[in-house]
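> here is a sequence with its predicted model. Questions after.
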Amino acid sequence: MGYHLLAPFCLLALLLPPLPFGAPMSTAESVKQAYNLALHLQRQTSTLLQTYLQHQGTPFSDPDFSLPELSLSTLPDTEMFFETWHGLEDEVRLSLIQEAFWSFSQHLRLVMLDQDDLNHGNSIVEDQLWKARLKAKSLAGNLADIMTALGVTTPPANTHLSNVPLGDTAFQKRCRGYVIIRDFGFWTDRAVTFLGELKDKYSQ
């Protein structure tokens, strides 16, 4: 599928540089690290959806393709009003974002499996999906560390997905991948904004 067993460890080493042995990471440092990773992920997701659509054929590759009415019940919610989201406590938003990225790490794996079936041998899409999934898992782990430092209960990681709709035909699988990547970008933007605010708060 275009990646090797050692690659995850190499990428993690680049994304998450270790502290000197025995030096505990402060909450401010943890938040900054999570913010930088989210920012890196945001730059990647800005092209991931476009790359995905280009390799799915028409109508997905058509200019201005969009299906805003499509949604998946297994994905984190994107319908919360802006005012409602910003009215939540930091701990609640942190928990929701952490859960979201655990969920997306599993949904992106599903897209990878679908692409292996639909576009077998197309390493361009599969490699980008694999890197996005790895970063999503890394960010979820970073957020869990911040929650622990703040005394916030960390929910168990979701390791199994329930039945995900839109997956019987090739067209439906492509639609499912589109929705997952689209909403992944939404939550990445949300994470960058929130973690930027949290970074500023803890750097004071």
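Structure's in. What do you need?

> from here on, just use CA atoms for contacts and neighbour counts.
OK.

> isn't Pro76 up against Gln106?
No - Pro76 is not in contact with Gln106 according to Cα atoms under 8 Å; the separation is 11.9 Å.

> mind checking the SS state of the nearest residue to Phe184 once chain neighbours are set aside?
Excluding the flanking residues, the one nearest Phe184 by Cα to Cα, 6 or more residues apart in numbering is Phe104, at 6.6 Å. Secondary structure assignment for Phe104 (DSSP: H, G, I helix; E, B strand; the rest coil): helix.

> ok, Phe104 touching Arg133?
Yes - with contact defined as Cα under 8 Å, Phe104 counts as touching Arg133 (7.4 Å).

> mind checking which of those two has more residues around it?
Phe104 (25 against 22; other Cα atoms under 10 Å).

> and the more buried one, how far from Val152?
Distance, Phe104 to Val152, using Cα to Cα, to the nearest Å: 21 Å.

> how far away is Lys173 from Leu118?
In terms of Cα to Cα, Lys173 sits 9 Å off from Leu118.

> low-confidence ranges, this structure, go.
1-24, 157-162 (pLDDT under 70).

> 50 instead, please
1-6, 9, 12-14, 18-23 (pLDDT under 50).

> quick one, what contacts the residue nearest in space to the middle of it?
Central residue of the chain (Cα atoms, centre = their mean): Ala136, 4.0 Å from the mean position. By Cα atoms under 8 Å, 6 or more residues apart in numbering, Ala136 lies in contact with 41, 101-102, 104-105.
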